[in-house]
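Participant: need the 3D shape of this:
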Amino acid sequence: MLTLLVFFGHALQPLTAPFAESQALAATRAAAVCKPHCTTKLQLSRTSSPDRDHSTRHIRTPHASEVAKAYIGVVEVAKVAGLFESTAASPHKFCRQLLPPMQLHKTTTLQTNAAVGSTSKCPLMRRVACGKYVKTQQVQCAAACSPAESSLAAAVPCQDRVSRAAQRKRVIVCAEVGNGNGSSRQYDYDLITIGAGSGGVRASRFAASYGAKAACVELPFDYISSDTKGGVGGTCVLRGCVPKKLMVYASEYADDFRDSVGFGWEERPLPRHTWSKFLEAKRKELQRLNGAYKNTLKNANVELMEGFGRIVDPHTVDVNGKKYTTKHILVAVGGKATKLSIPGADLCITSDEALELPSRPNKITILGGGYIALEFGGIFQRFGSDVHSVFRQQLPLRGFDEEVRKFAFEQYQAAGLNMHPGYSPVEVKKQENGLLTCVVEDKQGSRLEITDNDYVMMATGRTPKVANLGLEEVGVQLGKKGQIVVNEYSRTTVPNIWAVGDVTDRINLTPVALMEGMALAKTIALDQPTKPDYNCVPSAVFSNPNIATVGLTEEQAVEKYGDVDIYASSFRPMRNTISGNAIRAFMKLVVDPATDKVLGAHMVGDDSAEIMQGFAVAVKMGVTKAQLDSVVGIHPSSAEEFVTLRSATRKVRQKEQAAVAA
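Facilitator: Residues are numbered from 1 along each chain as shown. Sure, this is the predicted structure:
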């Protein structure tokens with residue numbers, strides 16, 4: 001329940017007044033009885049916070065979300081007390097004077113617009129901010145108080161410190177609640193997250209900042225994941241995006257050395273690369289990041305439980321044999337690399353092992369045509385390996401713009417990758433000398449043997465890592481791929497069990513998991529249902545050359561809009577004109593002719609990810625082609641090509657063709 005107390009100067013006076021409350025709380029009456037000489041012992045700390053403005057007010061409360069929801073009640077009580085006459089403008093001024101900026105024990109940050117309507121102008125309505133811990137003691141009253149009355153959850157000015165300026169009337173909001181949703185049941189935690197990857201860490205720490213008592217479960221750290229090993233940071237940080245990008249950086253130097261000759265630098269054999277030294281440096285960085293993520297959880301007051309988490313029932317999680325109860329459970333365990341079911345699959349490696357190879361392979365065959373396969377192909381090719389890329393379709397990167405796929409395929413060949421389109425792996429076998437032979441077959445049954453491989457890598461997909469979590473036993477529905485089925489708010493078929501990230505198989509990108517985690521924290525900790533926004537999510541492939549894209553492909557745009565205008569350009573970057581590097585760049589805009597809105601932007605070439613991040617903002621905001629044309633380019637740069645594409649390369653008019661056919 002909620003108890004509202006009104007203080008007049010030093011004395012705690014009784015006041016009864018009903019107050020309106022939004023759905024979660026029933027109407028209550030404010031009541032307290034204390035004598036005029038009640039005193040307090042508490043330590044206040046006036047501090048500043050980088051994310052705090054002058055409208056910040058700090059309130060100590062076990063469930064500050066309920067305090068925020070009671071704002072209407074504060075206004076009502078203040079009206080009864082005669083602090084102001086109307087609710088038009090006075091409440092906002094009143095709330096600014098409610099409390100001086102200060103930080104108290106277990107304070108909590110809240111975004112509270114949804115509690116009483118997004119149009120409120122009152123600063124208290126917008127935010128009840130949080131800070132570091134400061135020790136406090138409960139109010140000691142001369143009169144006998146009930147537990148609810150003596151367990152004050154807000155600052156009461158100490159009698160011997162109150163100045164005349166502080167003698168004005170104050171309203172203090174106090175909360176004593178159960179688990180925050182009207183239930184009387186008490187749990188060990190408000191939220192337990194299974195999986196401390198990008199999405200899980202983000203959801204946990206922000207839920208904690210919003211007032212939830214949160215814990216996060218993760219397996220012990222290792223460079224290669226397994227059923228018993230993982231690590232705080234998850235796939236992206238420990239065995240995905242980050243270590244892969246470090247390998248991309250390391251491999252790029254080989255091209256730089258070769259390209260320098262065209263600019264007058266002395267031609268000589270490439271300097272020797274010490275693989276073990278790079279591996280040591282990479283591991284050191286991953287250890288640092290693992291520690292940094294642990295500190296992030298610690299600083300956010302999220303308890304880290306190291307071990308395997310299994311769901312026992314909708315409100316219980318077992319970690320290494322010890323059971324914990326929780327109001328909400330979040331599953332954010334991500335996915336794992338999978339292997340094809342072919343003879344010799346046990347001889348193959350996945351991306352996990354590829355990041356931890358003890359030495360550079362002289363020859364490697366990579367199975368798969370997705371971004372992971374092409375990224376590792378570029379890495380090993382630049383390092384000097386003989387790389388063979390095998391994939392079933394005629395072009396790699398299914399799901400990308402068809403023109404981009406075709407252009408990228410040509411550039412991969414120009415860079416030195418041995419491409420084998422239209423082939424499927426049949427068998428991997430070990431040769432007498434210990435090397436591997438990969439047997440592949442096309443649709444006509446013609447076979448090709450790629451021999452003498454140091455490694456055969458399977459980059460043939462990832463699956464959600466849901467084994468032994470107890471999901472189906474408690475009623476959580478799984479999809480055909482093993483993914484957790486969720487609604488638009490990331491809620492599973494069990495109301496208080498949620499899931500974000502790759503385990504849901506929506507858009508399997510780290511920034512998307514972060515977005516989902518943020519939305520979920522607001523949904524469960526602030527009672528502000530928030531949907532992840534999947535519109536115009538940019539993505540990149542760090543192959544050689546890079547690819548970046550945002551918005552619709554040409555094929556998607558034609559299907560959705562019928563008529564589209566295409567602006568495209570292929571050119572040789574200035575750097576490559578003198579260096580002799582054969583790699584070209586490609587840029588493309590997809591435009592809706594009816595509205596002039598840019599529906600999609602695509603690029604193949606160096607630094608495309610860096611360039612596309614900026615254009616992604618414009619596309620997300622609904623930029624038109626005319627607005628892009630009005631932008632002055634940065635010269636000389638590749639990026640300026642996006643704002644100098646004046647003439648349409650082609651115009652697709654399906655609607656007109658359909659009208660003629662009719």
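
Participant: measure the residue nearest to Y371 when sequence neighbours are not counted to A408 for me?
Facilitator: Distance criterion Cβ to Cβ, 6 or more residues apart in numbering; nearest residue to Y371, sequence neighbours excluded, is V541 at 4.3 Å. Using the backbone N, CA and C atoms, a C-beta is placed for each residue, glycine as well. The gap separating V541 from A408 is 8 Å, by Cβ to Cβ, to the nearest Å.

Participant: ranges for the strands of the stretch 351-500 of the chain?
Facilitator: Using DSSP state E, counting those that start in this stretch, the strands assigned to the stretch 351-500 of the chain run over residues 363-367, 386-391, 418-421, 423-430, 436-442, 447-453, 455-458, 462-464, 497-499.

Participant: buried residues in the longest one?
Facilitator: With burial defined by 16 or more other Cβ atoms under 10 Å, the residues of strand 423-430 counted as buried are Y423, P425, V426, E427, V428.

Participant: and for stretch 571-578?
Facilitator: P573, N576.

Participant: hmm, back to that, farthest-apart pair in the buried residues of strand 423-430, please.
Facilitator: Y423 and V428 (13.5 Å; Cβ to Cβ).

Participant: between the buried residues of strand 423-430, which is closest to A207?
Facilitator: Nearest to A207 among the buried residues of strand 423-430, with distances taken as Cβ to Cβ, is P425, at 43.8 Å.

Participant: roughly how far apart are that closest one and L340?
Facilitator: 6 Å.

Participant: between those two, what contacts are shared?
Facilitator: L367 (Cβ atoms under 8 Å, 6 or more residues apart in numbering).

Participant: how close does the spatially most central residue of the chain get to L417?
Facilitator: The structure's the chain has its C-alpha centroid closest to L514; by Cα atoms, centre = their mean the separation is 0.9 Å. Counting by Cβ to Cβ, the separation of L514 from L417 is 32 Å.

Participant: just N576 next, same as before
Facilitator: 18 Å.

Participant: for this protein, which helix extends over the most residues?
Facilitator: Longest helix of the chain, by residue count under DSSP state H: helix 275-299.

Participant: just checking, what packs against that helix?
Facilitator: Secondary-structure packing of helix 275-299 (3 or more Cβ pairs under 8 Å, 6 or more residues apart in numbering; DSSP states H and E): helix 198-209, helix 234-239, helix 241-260, strand 303-306.

Participant: indicate which one of those is closest to E441.
Facilitator: Here helix 241-260 is closest among those (Cβ to Cβ), at 29.6 Å.

Participant: now do the helices in the stretch 401-550 of the chain.
Facilitator: 402-415, 510-525 (DSSP state H, counting those that start in this stretch).

Participant: could I get the average pLDDT for the longest one?
Facilitator: What helix 510-525 shows for mean pLDDT is 98.

Participant: off-centre distance for that helix?
Facilitator: 7 Å (Cα atoms, centre = their mean, to the nearest Å).

Participant: just the CA trace of that helix, in PDB.
Facilitator: Below are the C-alpha coordinates for helix 510-525, written out as PDB (Å, rounded to 0.1, in the frame of the first residue of the first chain):
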ATOM      1  CA  THR A 510      24.200  -6.700 -31.100                       C
ATOM      2  CA  PRO A 511      22.700  -3.100 -31.300                       C
ATOM      3  CA  VAL A 512      19.300  -4.700 -31.800                       C
ATOM      4  CA  ALA A 513      19.700  -6.700 -28.600                       C
ATOM      5  CA  LEU A 514      20.700  -3.500 -26.800                       C
ATOM      6  CA  MET A 515      17.600  -1.800 -28.000                       C
ATOM      7  CA  GLU A 516      15.400  -4.700 -27.000                       C
ATOM      8  CA  GLY A 517      17.000  -4.800 -23.500                       C
ATOM      9  CA  MET A 518      16.400  -1.000 -23.100                       C
ATOM     10  CA  ALA A 519      12.800  -1.400 -24.100                       C
ATOM     11  CA  LEU A 520      12.300  -4.300 -21.800                       C
ATOM     12  CA  ALA A 521      13.700  -2.500 -18.800                       C
ATOM     13  CA  LYS A 522      11.200   0.300 -19.200                       C
ATOM     14  CA  THR A 523       8.400  -2.300 -19.700                       C
ATOM     15  CA  ILE A 524       9.000  -4.300 -16.600                       C
ATOM     16  CA  ALA A 525      10.600  -1.800 -14.200                       C
END
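
Participant: mind listing what's buried along that helix?
Facilitator: 510, 512-525.

Participant: pick the one among those closest to K327.
Facilitator: For the buried residues of helix 510-525, the nearest to K327 is I524 (8.2 Å; Cβ to Cβ).

Participant: distance check, that closest one against K531.
Facilitator: On the measure of Cβ to Cβ, I524 and K531 end up 13 Å apart.

Participant: picking that back up, so which of the helices of the stretch 401-550 of the chain comes closest to K597?
Facilitator: Closest among those, using Cβ to Cβ: helix 402-415, at 19.8 Å.

Participant: mean confidence score for that closest one?
Facilitator: On average, helix 402-415 scores 98.

Participant: contacts for it next, please.
Facilitator: So helix 402-415 is contacted by 374, 377-378, 381, 389, 395-398, 400, 419, 421, 541, 543-545, 547, 549, 553-555, 568, 570, 582-584, 586, 588, 602, 604 (Cβ under 8 Å, 6+ apart).

Participant: just the buried residues from those, in PyMOL please.
Facilitator: Buried residues within these, by 16+ other Cβ under 10 Å, are selected in PyMOL with:
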select buried, resi 374+377+378+381+389+395+396+397+400+419+541+543+544+545+547+549+553+554+568+583+584+586+588+602+604
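
Participant: the helix or strand harbouring D318 pairs with which strands?
Facilitator: D318 is part of strand 316-319 when elements are defined by DSSP states H and E. Applying DSSP bridges, strand 316-319 is found paired with strand 309-313 (antiparallel), strand 322-331 (antiparallel).

Participant: next up, the contacts around the residue nearest to the centre of the chain.
Facilitator: S198, G199, R202.

Participant: let me see the contact set for the residue nearest to R572 when sequence neighbours are not counted.
Facilitator: Nearest non-adjacent residue to R572, counting by Cβ to Cβ, 6+ apart: R584, 5.3 Å away. Contacts for R584 (Cβ under 8 Å, 6+ apart) come out as Q411, A414, S570, F571, R572, P573, N576, G605.

Participant: repeat for F400
Facilitator: A408, I547, T549, T553, H602.

Participant: try it again at 10 Å.
Facilitator: By Cβ atoms under 10 Å, 6 or more residues apart in numbering, F400 lies in contact with G370, Y371, A408, S539, V541, I547, T549, T553, E555, H602, V604.

Participant: how about V591?
Facilitator: Counted by Cβ under 10 Å, 6+ apart, V591 has contacts 557, 561, 563-567, 597-601, 624-626, 628, 645, 648, 651.

Participant: hmm, back to that, which residues pair with the residue nearest to Y371 across the strands?
Facilitator: Here V541, judged by DSSP bridges, has bridge partners I547.

Participant: can you give me the distance of it to G622?
Facilitator: 26 Å.
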